[in-house]
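Participant: no sequence on this one, just coordinates:
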């Protein structure tokens with residue numbers, strides 16, 4: 001029968017009630033210490049396995065019972081040193097002898113870990129791992145082995161093949177997880193304002209005209225805003241985009257070569273709006289949404305056994321994105337060169353084309369990537385609008401607010417008198433076409 005260990009905690013008279021819970025506390029402490037030790041050993045074994053694939057493996061005949069005599073609990077190992085002293089299952093437990101130095105003191109976890117480290121000195125990693133697993137079982141925890149799936153799924157494979165499969169799936173796991181990214185992007189926005197485009201297309205007559213002068217053959221009486229000089233011929237407003245942003249998401253590799261990811265990202269840009277190369281205002285542009293990509297990677301380890309290059313990979317991605325686009329703009333004094341003076345006061349506006357524009361944006365993601373140390377990745381690609389392949393790439397929700405222009409003109413009354421009339425004209429949003437080029441992006445991604 002295993003001797004129960006006793007841990008003496010420092011007690012003050014005012015804390016006598018703690019005595020009732022000492023048993024539960026000792027058990028929690030034991031589980032925490034054992035979990036920490038086995039995690040440390042497993043991490044050390046993983047690093048050792050990467051550098052020396054021929055390292056020792058644990059025999060499946062290792063004991064797992066806690067009630068058998070100590071002599072029967074001595075584990076056996078493949079490739080264990082012949083002169084290595086036997087490591088009894090009891091020797092790694094929190095026995096009374098290990099706790100003697102700290103009796104009557106405040107509990108110091110470092111001292112217990114130091115005692116355990118001293119007790120396991122000279123033992124192989126395989127020996128430590130097996131006994132740490134036994135410790136977990138003794139404390140009511142069933143350890144999980146990464147090799148259980150491989151042992152069951154590929155039972156007919158030899159040990160060498162199973163080791164290769166273990167490395168195969170372990171590499172896929174290393175490349176899976178949550179990630180964050182920072183990005184820069186650049187592209188172009190083109191907007192064209194054609195005064196009366198919507199009304200001429202739908203035969204909407206001006207307020208002071210009848211429908212006979214706005215029809216399929218005669219568009220002279222169709223309603224226009226009349227704000228821009230030569231507005232009916234079209235005014236092209238160009239903007240260069242240089243954006244900064246980032247994103248968060250999750251990626252999963254099914255094997256070392258193929259995977260997928262789901263993430264949200266956003267880009268923010270500010271710049272100038274020009275007409276014929278002349279700056280007439282500024283803009284603020286936000287593009288954000290959800291993305292789903294298919295991933296492909298080819299590890300350099302396929303071509304070389306160099307420890308430096310085997311952690312690098314090249315690949316590519318292809319996917320879809322859907323989100324929203326938000327645009328604001330502001331005019332400057334140069335815009336007046338392109339505006340009509342109705343008689344008394346020229347039209348003016350604080351905006352160029354939009355007070356704000358909000359619409360759905362969707363397209364394709366594509367590019368290539370360079371990965372290193374499985375945790376870091378550099379993506380170089382583009383967000384390509386569907387319009388580039390002949391499909392609609394924007395969907396307006398009716399939430400946009402086009403620019404309003406204010407001016408004044410003289411109106412002659414029937415009695416011959418003249419008076420100044422304030423005039424406000426709001427651009428028709430459907431007279432404005434919006435297109436963006438592919439936004440080329442460079443993203444640095446870190447996997448957590």
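Facilitator: Okay, I see it. Since the structure is predicted, the reported quantities are computational estimates derived from the model, not experimental observations. Numbers count the residues shown, from 1 in each chain.
Participant: and the residue nearest to residue 289 when sequence neighbours are not counted, what's its pLDDT?
Facilitator: In space, and not counting its chain neighbours, residue 289 is closest to residue 323: 1.6 Å by C-beta to C-beta, 6 or more residues apart in numbering. All C-beta spots, glycine's among them, are computed from the backbone N, C-alpha and C. pLDDT, residue 323: 93.
Participant: give me the neighbour count for residue 323.
Facilitator: Residue 323 is flanked by 19 other residues according to other C-beta atoms under 10 Å.
Participant: so where do the helices sit in this structure?
Facilitator: Here the chain has its helices, by DSSP state H, at 22-51, 96-99, 109-119, 125-138, 148-153, 159-174, 197-201.
Participant: can you tell me which of those the model trusts least?
Facilitator: Lowest mean pLDDT within the helices of the chain: helix 96-99, a mean of 48.
Participant: what residue ranges in this protein score low on pLDDT?
Facilitator: Scanning the chain for pLDDT under 70 picks out 1-113, 115-116, 119, 131, 140, 142-155, 162-169, 208-211, 302.
Participant: can you show me the strands along it?
Facilitator: 177-193, 235-253, 258-275, 278-299, 312-331, 345-348, 354-372, 376-385, 394-396, 401-402, 404-412, 418-426, 432-436, 439-447 (DSSP state E).
Participant: let me see the contact set for residue 445.
Facilitator: Neighbouring residues of residue 445 by C-beta atoms under 8 Å, 6 or more residues apart in numbering: 179-181, 376-379.
Participant: what pairs with it across the strands?
Facilitator: Here residue 445 sits in beta bridges with residue 181, residue 377, going by DSSP bridges.
Participant: how about residue 242?
Facilitator: Note on residue 242: beta-bridge partners residue 186, judged by DSSP bridges.
Participant: give me phi/psi at residue 399?
Facilitator: Residue 399 has phi and psi values of phi -100, psi 0 when expressed as degrees, to the nearest 10.
Participant: tell me how far the nearest residue to it once chain neighbours are set aside lies from residue 440.
Facilitator: Of all residues not flanking residue 399 in the chain, residue 358 sits nearest, at 4.7 Å (C-beta to C-beta, 6+ apart). Note on residue 358: its distance to residue 440, by C-beta to C-beta, to the nearest Å, is 24 Å.
Participant: now residue 283
Facilitator: According to C-beta to C-beta, residue 283 stands 19 Å off from residue 440.
Participant: of these two, which one has the most company?
Facilitator: More neighbours surround residue 283 than the other of residue 283 and residue 440, with 23 against 16 (other C-beta under 10 Å).
Participant: for that one, which non-adjacent residue is closest in space?
Facilitator: Nearest non-adjacent residue to residue 283, counting by C-beta to C-beta, 6+ apart: residue 329, 4.3 Å away.
Participant: over to residue 247?
Facilitator: The shortest distance from residue 247 to any non-neighbouring residue, by C-beta to C-beta, 6+ apart, is to residue 265 (2.9 Å).
Participant: so who does the one you found touch?
Facilitator: Going by C-beta under 8 Å, 6+ apart, residue 265 touches 181, 183, 245-249, 288-289, 291.
Participant: number of nearby residues for the residue nearest to residue 235 when sequence neighbours are not counted?
Facilitator: Leaving aside its sequence neighbours, residue 235 sits nearest to residue 193 (C-beta to C-beta, 6+ apart; 4.6 Å). Look at residue 193: counted by other C-beta under 10 Å, it has 23 neighbours.
Participant: with residue 135 instead?
Facilitator: Residues near residue 135, counting by other C-beta under 10 Å: 24.
Participant: one more: residue 207?
Facilitator: What residue 207 shows, counting by other C-beta under 10 Å, is a neighbour count of 5.
Participant: measure stretch 250-265 end to end?
Facilitator: This stretch, stretch 250-265, spans 12 Å end to end (C-alpha to C-alpha, to the nearest Å).
Participant: and that stretch, which residues are buried?
Facilitator: 251, 253, 256-257, 259, 261, 263, 265 (16 or more other C-beta atoms under 10 Å).
Participant: got it, and stretch 374-381?
Facilitator: 374, 377, 379, 381.
Participant: stretch 336-347 too?
Facilitator: Using 16+ other C-beta under 10 Å as the test for burial, stretch 336-347 gives 338-340, 342, 347.
Participant: go on, stretch 308-328?
Facilitator: Residues 310-313, 315-317, 319, 321, 323-328 are the ones in stretch 308-328 that count as buried (16+ other C-beta under 10 Å).
Participant: taking those residues together, which two end up most distant?
Facilitator: Farthest-apart pair in the buried residues of stretch 308-328 is 310 and 328; separation 49.1 Å (C-beta to C-beta).
Participant: residues near the closest residue to residue 436 other than its chain neighbours, how many?
Facilitator: Closest residue in space to residue 436, ignoring its immediate chain neighbours: residue 189 at 5.1 Å, by C-beta to C-beta, 6+ apart. Using other C-beta under 10 Å, residue 189 has 21 neighbouring residues.
Participant: spatially nearest residue to residue 207, not counting backbone neighbours?
Facilitator: Computed as C-beta to C-beta, 6+ apart, the closest residue to residue 207 that is not its neighbour in sequence is residue 223, at 7.0 Å.
Participant: what's opposite the spatially closest residue to residue 396 that is not a sequence neighbour in the beta bridge?
Facilitator: Leaving aside its chain neighbours, residue 396 sits nearest to residue 359 (4.6 Å; criterion: C-beta to C-beta, 6+ apart). Following DSSP bridges, residue 359 is listed with bridge partners residue 325, residue 396.
Participant: report the contact partners of residue 359.
Facilitator: Going by C-beta under 8 Å, 6+ apart, residue 359 touches 324-325, 394-397, 399-400, 434.
Participant: residue 243 too?
Facilitator: Residue 243 neighbours (C-beta under 8 Å, 6+ apart): 183-187, 267-269, 285, 287, 439.
Participant: how close does it get to residue 335?
Facilitator: Separation of residue 243 from residue 335 (C-beta to C-beta) stands at 24 Å.
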